[in-house]
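*Asks:* sequence and predicted structure are below.
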Amino acid sequence: MKTLTRMLCALLAIMFLLAVPAFAADLSGTVTASINGTPVFDARVVLRGPGGFKQTTSTDAQGVFRFTGLEASLRYTVDVEAKGFTSTSQDVQMSSASQKIDVLLDLITHHESVVVKESGQVIGLESSAPIVAQIITPEAVAALPSSFRNVTKYAVLDPHVRQSQGSGSEGAAGNRLVFNAESYRYTGFILDGVINYDWCYSNGPYQLVAASAVSDVKVITNQYAAEYGTSVTGIVKVETKAGTNQLSGEAFVFVLPSGIQATPPVSTLHVPNQRIQGGAALGGPIIRNKTYFFANYEAVNVQRGAYIQSPVPMVYVGEGRETFGLARVDHNLNDNHALALRLNIYHYAHTNANDRVSGYNQISYGRMERMQSTGGQVNYRLVRGTSLVNYFRVNYNKFQPDNNTPTGAYSPSVGISRPNYGTWGFSQFNWDRPRLLDVSDNVAWNHGRHNFKFGAEFVKIKVNDFLTNLYGTYTFSTGPPKVGGHPTQFQQIFGVANLRWSDSIWQAYFQDDFKVSSRISANVGLRYEYQSTTDSLYRFGPRFGVAWDTSFRLLVGPTCWVRFPADGCWIASDRSASTPWAFSPGVCSR
């Protein structure tokens, strides 16, 4: 019986080999990383053709693969996969005896612990901690419709996130995100690996970048990993783009015309609302495979109308301007050392942010609201072997989260408040000018089934806080003026507040991501946080998380394996309804 089985398998194998037609064409190609154009070594390339045809090979040190002995008139599919990259598939119609294709692979994640070395080697050290997160890719940022193109607002695509003052909010209020129904002041922000949290007002990020300058946005809605701190609800993690070996760019103009909007509720007049936003981005090599650049600029001009319903119906049109600028240079010192420099600027000014003048508030109650941020960051990356990546970062920034001055023909002016009728006058001047230094070092190390991460971050912030109110505010009874009416209240703030204060923040963590089994992963860690302006003694936070992969594969139909003892290769046969017996050569295993 055993001899009969061997003879049957040998006969089936011979029939398969005899059925193979004559081939005369060759197919070759190069696999490179899209992030910097370096060749990808040891990528698995699978060629599939009609009748269950399949061949497998791997790329060499230059990212090159080759298939020989193919039929020139057939259509084939090339599947490419490599560790740390997303898989891709490409159809090829063989029309000549020699054909070549190029394959670009995108990183699974663009975060700081995935490195593509000049040799094409991929070191994937991204944490596999059981976190709940959503990644908004550059393709999604470019394709999704958005009236504001505000990177922070893209986080509301996650169902755990909403804005505290509605999607139409502008300025600081437009960046206030609520995670899991908690306060927006508990939301954390990270930009290129460093804390981007507004330590002064806790309104949102203190550094803002344009959507066309963003590599990806990661929205983390739980806090199991010890590497994430500052926040107790959620984090918006943003990575900026870097140049590659390919010169590329984009330019756009986004116009929201004024004439097509509907009239707001209760308004008896047409309220104009126009927004024009344009920009451009360009990136590419300075020295191929060595130095890259990326630059981005965007500008916004807004004319936003607001309806004043009392005492005289009218429309007030506020004007807003917003400017984004970013320049980045990345330089590979060698295969193990790299430097990156990022410079960024942001400016915002609006005469009627969030419709301050509207309803019962008159034009003299208006104010000019400004925000701005200017700074830069230096990154140094060290790679050791194929298991360790170290990032050292220094970030310095001067920003103004709040700067308000009165506007209007008679500004500053005495305040008059008549509830449910009208409010006039505003005389407050205030601004804040923080300076911030952030120094951090993070290490990721793979060892067996464990992924260790540890690091520390120091933040020093100095703030100059100014406020003065020149005139007071008279409050009258509800409704229009009455003969002989007198104020019911007068409020006046005397003096000038010109305060200076500083704060120091120390944070450190250690964590271990590891596999309990093929389907269960776990994370344990410890985090330490210290802030000089508080006296809390509860500075240590243990972290623990477990994730279970519930996915499964369903295999249908019997499979017969035919082995050739001479070379140790295997041929698989899958039984299906449409193809009774189909054979394809498998991977050679010796």
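*Replies:* That came through, no problem. Residues are numbered from 1 along each chain as shown.
*Asks:* what domains does the record give for the chain?
*Replies:* Per automatic domain parsing, the structural domains of the chain span 2-108+552-585, 237-548.
*Asks:* give the pairing partners of the strand or helix carrying residue 403; include direction for each.
*Replies:* Following DSSP states H and E, one finds residue 403 within strand 388-406. Strand partners for strand 388-406, identified by DSSP bridges, are recorded as strand 367-384 (antiparallel), strand 428-447 (antiparallel).
*Asks:* now for the helix or strand following that strand, which elements pack on it?
*Replies:* Using DSSP H and E, the helix or strand that follows strand 388-406 in sequence is strand 415-418. For strand 415-418, the elements it packs on are strand 422-424, strand 473-475, judged by 3 or more CB pairs under 8 Å, 6 or more residues apart in numbering; DSSP states H and E. C-betas here are computed from N, CA, C, even on glycine.
*Asks:* try 10 Å this time
*Replies:* With contacts taken as 3 or more CB pairs under 10 Å, 6 or more residues apart in numbering; DSSP states H and E, strand 415-418 sits against strand 422-424, strand 473-475, strand 489-491.
*Asks:* any idea how far that strand is from the chain center?
*Replies:* When distances are taken as CA atoms, centre = their mean, to the nearest Å, strand 415-418 is centred 45 Å away from the chain's centroid.
*Asks:* which residues touch that strand?
*Replies:* Strand 415-418 is contacted from outside by 310-311, 360-362, 364-365, 422-428, 469, 471-482, 485, 487-492, using CB atoms under 10 Å, 6 or more residues apart in numbering.
*Asks:* one more time with 7 Å, if that's ok
*Replies:* Outside strand 415-418, the residues that touch it by CB atoms under 7 Å, 6 or more residues apart in numbering are 423-427, 471-476, 479.
*Asks:* list the contacts for the residue lying closest to residue 400 once chain neighbours are set aside?
*Replies:* Distances taken as CB to CB, 6 or more residues apart in numbering put residue 372 closest to residue 400, at 4.9 Å, once the chain neighbours are dropped. By CB under 7 Å, 6+ apart, the residues touching residue 372 are 346-348, 399-400.
*Asks:* and what of residue 354?
*Replies:* Taking CB under 7 Å, 6+ apart, we find residue 354 in contact with 169-171, 173.
*Asks:* likewise residue 518?
*Replies:* Per CB under 7 Å, 6+ apart, neighbours of residue 518: none.
*Asks:* change it to 10 Å
*Replies:* With contact taken as CB under 10 Å, 6+ apart, residue 518 is in contact with residue 549.
*Asks:* tell me the pLDDT at it?
*Replies:* According to the prediction, residue 518 has pLDDT 73.
*Asks:* check residue 410 too.
*Replies:* 75.
*Asks:* low-confidence regions, this structure specifically.
*Replies:* By pLDDT under 70, the low-scoring segments of the chain are 1-24, 35-37, 84, 107-130, 145, 551-590.
*Asks:* could you say which helix or strand holds the most centrally placed residue in it?
*Replies:* Geometric centre of the chain, nearest residue: residue 217, 1.5 Å, by CA atoms, centre = their mean. For residue 217, the host element (DSSP H and E) is strand 214-220.
*Asks:* which strands and helices lie in contact with that strand?
*Replies:* If you count contacts as 3+ CB pairs under 10 Å, 6+ apart, strand 214-220 packs onto strand 133-136, helix 138-143, strand 177-179, strand 187-191, strand 234-240.
*Asks:* can I get that strand in CSV, CA atoms only?
*Replies:* What follows is strand 214-220, C-alpha atoms only, in CSV (Å, rounded to 0.1, in the frame of the first residue of the first chain):
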residue,chain,number,x,y,z
VAL,A,214,1.9,65.7,8.3
SER,A,215,3.0,62.1,7.8
ASP,A,216,0.3,60.6,10.0
VAL,A,217,-1.9,61.2,13.0
LYS,A,218,-2.3,58.6,15.7
VAL,A,219,-5.3,59.0,18.1
ILE,A,220,-4.7,57.0,21.3
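*Asks:* mind listing what residue 533 touches?
*Replies:* 199, 461, 501-505.
*Asks:* ok, back up a step: okay, the domains of the chain in CSV with distance to residue 162 next?
*Replies:* Converted to CSV, the domains of the chain look like this (distance: least, CB to CB, whole Å):
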stretch, distance to residue 162
domain 2-108+552-585, 28
domain 237-548, 17
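*Asks:* which of those domains sits closest to residue 158?
*Replies:* If you check each of the domains of the chain against residue 158 by CB to CB, domain 237-548 wins as the nearest, at 12.2 Å.
*Asks:* ends of the closest one, how far apart?
*Replies:* End-to-end span of domain 237-548 (CA to CA, to the nearest Å): 24 Å.
*Asks:* just how off-centre is that domain within its chain?
*Replies:* 16 Å.
*Asks:* how deep is residue 384 tucked in, by neighbour count?
*Replies:* By the measure other CB atoms under 10 Å, the count of residues near residue 384 is 12.
*Asks:* how about the nearest residue to it, chain neighbours excluded?
*Replies:* Among residues not flanking residue 384 along the chain, residue 336 sits closest, at 6.9 Å (CB to CB, 6+ apart).
*Asks:* got it, and residue 339?
*Replies:* Excluding the flanking residues, the one nearest residue 339 by CB to CB, 6+ apart is residue 331, at 5.0 Å.
*Asks:* give the contact list for the one you found.
*Replies:* Counting by CB under 10 Å, 6+ apart, residue 331 makes contact with 286-287, 290-293, 337-341.
*Asks:* ok, the helix or strand harbouring it: who's next to it in the sheet?
*Replies:* For residue 331, the enclosing helix or strand under DSSP H and E is strand 314-332. The sheet places strand 314-332 alongside strand 291-308 (antiparallel), strand 337-350 (antiparallel), with pairing taken from DSSP bridges.
*Asks:* adding distance to residue 64 and mean neighbour count, write those out as JSON lines.
*Replies:* Formatted as JSON lines, these follow (distance: least, CB to CB, whole Å; neighbours: other CB atoms under 10 Å):
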{"stretch": "strand 291-308", "distance to residue 64": "23", "mean neighbour count": "20"}
{"stretch": "strand 337-350", "distance to residue 64": "25", "mean neighbour count": "18"}
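*Asks:* give me the buried positions along the strand holding residue 331.
*Replies:* Residues of strand 314-332 classed as buried by neighbour count (16 or more other CB atoms under 10 Å): 316-318, 320, 322-330, 332.
*Asks:* re the thing from before, ok, what's across the strand from the residue nearest to the centre of the chain?
*Replies:* Counting by DSSP bridges, residue 217 is bridged to residue 136, residue 238.
*Asks:* residue 493 in helix, strand or coil?
*Replies:* Here residue 493 is coil, with the state taken from DSSP: H, G, I helix; E, B strand; the rest coil.
*Asks:* ok, now which ones touch it?
*Replies:* Contacts of residue 493 (CB under 10 Å, 6+ apart): 427-428, 467-473.
*Asks:* residue 151 reaches residue 238, doesn't it?
*Replies:* Yes. When contacts are counted by CB atoms under 10 Å, residue 151 is listed as touching residue 238 (6.1 Å).
*Asks:* what residues are shared contacts of those two?
*Replies:* 136, 191, 205, 208-209, 213-214, 217.
*Asks:* by neighbour count, which of the residues you listed wins?
*Replies:* For the shared contacts of residue 151 and residue 238, counting by other CB under 10 Å, the largest number of neighbours falls to residue 209: 27 neighbours.
*Asks:* quick check: phi and psi on that one?
*Replies:* Phi and psi for residue 209, reported as degrees, to the nearest 10, are phi -120, psi 160.
*Asks:* next one: it from residue 350, what distance?
*Replies:* Separation of residue 209 from residue 350 (CB to CB, to the nearest Å) stands at 19 Å.
*Asks:* tally of neighbours for residue 508?
*Replies:* Residue 508 has 17 neighbours, counted by other CB under 10 Å.
*Asks:* kindly report the same for the one 5 residues further on.
*Replies:* Neighbour count of residue 513, defined by other CB under 10 Å: 26.
*Asks:* can you name the residues bridging to it?
*Replies:* Residue 513 has these beta-bridge partners by DSSP bridges: residue 451, residue 523.
*Asks:* what of residue 317?
*Replies:* Taking DSSP bridges as the rule, residue 317 bridges to residue 305.
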